[in-house]
Structures are given as C-alpha cells and as structure tokens.
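Chemist: Please find the sequence and the predicted model below.
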Amino acid sequence: MSATDRGAPEMSENRSWLSIHSLLTSEPGRLALVGAPLTKNSISPGRYDLAPDAVRAALKRLSVYDLETQTDLSHLRIHEVGNLPIADLSTADALTPLAEAVGQLSRQSDLTIILGGHNGVTRPGVHGSGPLDSIGLLTLDAHFDLRDTDGGLNNGNPIQALLEDGMPGAHISQVGLAPFANTKKAHAKAMRAGISVRTLSECFERGFVHVVKDELDRLARSCGTIYVDFDIDVIDRAQMPSAPGARIGGVSTRDFFAATRNIAEHPKVRCVDLTEFDPSMDVHATGALTAARWFAEILAGFSARRA
Ligand SMILES: [Mn+2]
C-alpha cells in the first residue's frame, strides 16, 4: 500500500513503516539500481559479492523521511534490475556485461546507481556512461587505484586502466587520498596525468563537502556527464570496519553523507557507484547501515534537483 494513495487509511506504524526499500519497483523510471557483485581479483580477498543484497536488506531499516531537512522520499520510485551475474567473472570479463547494463539504464534514467562489488566496477561503469572524452570522474577514495595493470585488472587499478583506455587525466578528480596508503609511483602517475589530487588533510582543513563541491564544479566546466565512484574506504576505519582498505584517520560518516547528498543533487551526475563494502567483515551492521544511508542520501540529493 502506498502512503500517497489518496483516501487510503493512514498506515498504522505500530509494527512497520514505509521504508526506503519499499520504493524499489520493476518499472523503469528516473532512477535505476543495479547490483554489481564483482569480487574476483581483489588485492585482499573478500566477499564483496554479498554487498548488494546486504545493502538492500538494510534499506528496510530506513524511513523515507529525513526530519532534519523535512525531506519526504515517499514519492520516489527506483527501477530495481537486480544483480548482474558477474560474481564468478574476472574483473576483465565483467567489463562488457556491466558496461552494457549501465549503458541501457543510462538511456532510460537520469541517475543510475551501481551497488558493488569491489572497486573494479568503476571502469565498466564509466564506459557504460558514454564516450570517455565526455565524462568527468570523481572518486571519493583513500586510494589512487593507479596500480600497474601488467598483472591484470583488479580493485587496485581501475583508474590506471581508464587512463590506458584513453580517459583524459584532466577529467579525473580524486578526493580523500590517505597518507601511508599510496605509493610515490602512484602519486607521480596522477600528477603526470593531470589528475586533480585532494588529500585527506586538505579535506579536513577546508571541509570535505567544500572540496567535493569544488571538484564537481571543476569537472562540470569541461565535461557533459559526471560519474562518481564512492569507495567506502574513504571513511574512517573506526566507523567503517567492513571496508578492508579503510584506514584510521579517514572521513567521518557525517561528512561522507553530506557530500553524497550534494553530489546527487548535481544535474550532471548521471551514474554513481558504491564499492569496497565487505559484509563478511561487518560489525553490528555498521557497514550495511552506512551503505544504506548512502543510498538514502543519493535519493535525497536527487529529489532536490530542479525538474
Ligand atoms: Mn578504491
């Protein structure tokens, strides 16, 4: 029963409420959700394939109403297409099915939401979003993901692979890079490619949301479409223990959520992914609830877009 049905008796909240999960539907619309349970070729083995369903389950625990901004999401519907059958595929082999799915959803929807999966989903996601020279890529990530590709594709080299595919470095912004979590070689590659590099310290000094908005504006000036990769390991490890790559001293969940809402409100953002959540490491559902709240913030930001 929809809470928006005119004349329908108001639902009793004795046992349940209208949750974010109840907004998922099989009908195409302005928002689309696809699960990308990519887990092979991870640098540190994990169960990233469990993440899409763990996040969906946690969506049942979130109300559609944000009292702080008096935002009611009950009118939104999200086209749920389920999980792509890529859990047993290598990162390289997942390129075609994931890029094709994202391409199809991007033609139908204003915003496509990819639930990873490890960070290897970002390269297919970007390819599915359009020609590489028209896309801007913003990553919120503790890492450059610029490892060498000579040993094959994994979750440590999607950005390097995109550069090798021909993506201009000037169209890439990386925010939240952590100290002692990246190599000098990767840093040099980023600078040489013309990537905009924004460290954790700069995010703390100037404000994470401020830096993110800066980079969105920068990308919007030269790119028709923006893709945003939310590697959840940008969050402080104490708050996100189920992101294997998270470090102590990372971004707070509050800042992560605020940045997410701002990003989803930007009209040029057409596709977002959430990566690197490993439910097998979750502690008291902290990771699942963090990822679910990220999803809620995506919806809240999107709902604030001017029609
Ligand atoms: Mn990453």
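Modeler: Great, that's in hand.
Chemist: tell me the contacts of whatever residue of the stretch 201-307 of the chain ends up closest to the ion?
Modeler: Nearest to the ion in the stretch 201-307 of the chain, going by CB to the ion, is D231, at a distance of 3.6 Å. The C-beta positions use only the backbone N, C-alpha and C, and glycine is treated the same way. If you count contacts by CB atoms under 8 Å, 6 or more residues apart in numbering, D231 has them with 119, 139-143, 145, 243, 245, 275-276.
Chemist: which one of those residues has the most neighbours?
Modeler: When neighbours are counted by other CB atoms under 10 Å, E276 leads those with 32 neighbours.
Chemist: Now do the contacts for the residue in the stretch 51-200 of the chain that the ion sits nearest to.
Modeler: Nearest to the ion in the stretch 51-200 of the chain, going by CB to the ion, is N119, at a distance of 3.8 Å. Applying CB under 8 Å, 6+ apart, we find N119 in contact with 141, 145, 155-156, 158, 229, 231, 275-276.
Chemist: Kindly report the same for D88.
Modeler: For D88, the contact set (CB under 8 Å, 6+ apart) comprises K40.
Chemist: Report the secondary structure state of it.
Modeler: Secondary structure of D88, reduced to three states by DSSP: H, G, I helix; E, B strand; the rest coil: coil.
Chemist: Next one: it relative to E13, how far apart?
Modeler: As judged by CB to CB, to the nearest Å, D88 and E13 stand 42 Å apart.
Chemist: Quick one: neighbours of D66, just the number.
Modeler: D66 has 17 neighbouring residues, counting by other CB under 10 Å.
Chemist: for it, what are its contacts?
Modeler: Residues in contact with D66 (CB under 8 Å, 6+ apart) are 72-73, 296, 300.
Chemist: and if you look at G130?
Modeler: Neighbour list for G130: 106, 224-225 [criterion: CB under 8 Å, 6+ apart].
Chemist: on that earlier part again, how about the contacts of D66 in JSON lines, adding pLDDT and distance to A178?
Modeler: Listed next are the contacts of D66 as JSON lines, based on pLDDT from 0 to 100; distance: CB to CB, whole Å:
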{"residue": "D72", "pLDDT": "97", "distance to A178": "37"}
{"residue": "L73", "pLDDT": "98", "distance to A178": "32"}
{"residue": "A296", "pLDDT": "98", "distance to A178": "26"}
{"residue": "A300", "pLDDT": "98", "distance to A178": "27"}
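Chemist: G125: which of the residues you listed is nearest?
Modeler: Relative to G125, the closest of those is A296; by CB to CB it sits at 20.6 Å.
Chemist: Could you check which helix or strand contains the closest one?
Modeler: A296 belongs to helix 286-303 when assigned by DSSP states H and E.
Chemist: Would you indicate which residues of that helix are buried?
Modeler: Under the neighbour-count criterion of 16 or more other CB atoms under 10 Å, helix 286-303 has 287-303 buried.
Chemist: residue boundaries of the strands in the chain?
Modeler: Along the chain, counting by DSSP state E, strands occupy 24-25, 31-36, 65-66, 71-72, 78-83, 111-116, 135-140, 172-177, 196-199, 225-231, 269-275.
Chemist: Tell me the strands beside the first one, with direction?
Modeler: Sheet pairing here is set by DSSP bridges, and for strand 24-25 it gives strand 78-83 (parallel).
Chemist: Quick one: mean pLDDT for the strand it pairs with?
Modeler: Strand 78-83 shows a mean pLDDT of 98.
Chemist: what angle separates that strand from strand 111-116?
Modeler: Relative orientation of strand 78-83 versus strand 111-116 (axes from the mean of the first three to the mean of the last three CA atoms, to 10 degrees): 30 degrees.
Chemist: Run through who's touching strand 78-83.
Modeler: 23-29, 31-37, 52-53, 101, 105, 108-109, 113, 299.
Chemist: Determine the number of other residues adjacent to T183.
Modeler: Counted with other CB under 10 Å, the neighbours of T183 add up to 12.
Chemist: Correction: the previous question concerned A190.
Modeler: Neighbours of A190 (other CB under 10 Å): 22.
Chemist: Would you confirm that it contacts F144?
Modeler: Yes. Because the distance of 5.6 Å satisfies CB atoms under 8 Å, A190 is recorded as touching F144.
Chemist: Sounds good, over and out.
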